[in-house]
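>>> Sequence first, predicted model second:
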Amino acid sequence: MDVVRSCTPRTRCSDFTVSAPRPPPPLPLPLLSHLNGSKDAYGETALINASVCGRTDIVRELIAADGSVEHLRMQNIDGWTALMYASFRGRTDVVRELIAADGSAEHLRMKNNNGRTAL
C-alpha cells in the first residue's frame with residue numbers, strides 16, 4: 001500500500017491510502033502540455049496544484065512539457081501563481097524549479113489580488 005498526499009490550494013493537504021502497489025505511469029508529454037493551459041473553476045492549473053503539494057517531480061514534468069513561460073505566469077481567480085503558492089507554503093525545491101524556468105523580474109514582481117508577490 002502507498003500513502004498519497006492530496007492537496008489543492010482550496011483544501012488542506014491530507015494523506016490517504018491507495019491500494020495500488022506502485023504509482024501509475026507518468027503522463028505522456030502531450031497530455032501534460034494540455035494540462036498546463038487548462039484551468040478549473042477557480043482558475044487553478046495542474047502546475048499550481050503540483051506546486052501547492054510540493055511535487056517537484058510533477059512540476060519538472062509540466063515545465064518540460066511546455067517550452068513557454070506563459071503557463072508559469074497563469075493566475076487563479078485570486079491572482080495567485082504557482083510560484084506564489086510554492087513560496088507561501090515553503091516548497092523551496094519547487095520555488096527553485098519555477099525560478100530556474102522563469103526568473104524574470106516580470107514573473108517575480110507579479111501581484112495577487114491583495115497586492116502581494118511571491119517574494
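Received it, and whenever you're ready, just let me know what you need. Numbering: from 1, shown residues only.

>>> State the number of residues packed around residue 98.
The tally of other residues near residue 98 (other C-beta atoms under 10 Å) stands at 28. Backbone N, C-alpha and C define where each C-beta goes, glycine included.

>>> Residue 74 too?
18.

>>> so it makes contact with residue 81?
Yes - shown here, residue 74 and residue 81 form a contact pair, counting by C-beta atoms under 8 Å, at 6.7 Å.

>>> Which residues does the helix or strand harbouring residue 84 contact?
Per DSSP states H and E: residue 84 is located in helix 82-88. Contact with helix 82-88 is made by 9, 45, 47-48, 50-52, 54, 59, 72, 74, 91, 94-95, 98-99, 107-108, 110, 112, 116-119, as judged by C-beta atoms under 8 Å, 6 or more residues apart in numbering.

>>> Of the residues you listed, which belong to helices?
47-48, 50-52, 59, 94-95, 98-99, 107-108 (DSSP state H).

>>> As a markdown table, the residues you listed with pLDDT would be great.
Formatted as a markdown table, the ones in helices among the contacts of helix 82-88 follow (pLDDT from 0 to 100):
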| residue | pLDDT |
| --- | --- |
| 47 | 90 |
| 48 | 90 |
| 50 | 90 |
| 51 | 92 |
| 52 | 90 |
| 59 | 91 |
| 94 | 95 |
| 95 | 96 |
| 98 | 95 |
| 99 | 94 |
| 107 | 91 |
| 108 | 92 |
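
>>> Just the buried ones from the contacts of helix 82-88, in PyMOL syntax?
Buried subset of the contacts of helix 82-88, written as a PyMOL selection, criterion 16 or more other C-beta atoms under 10 Å:
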select buried, resi 9+45+47+48+50+51+52+54+59+72+74+91+94+95+98+99+107+110+112+118
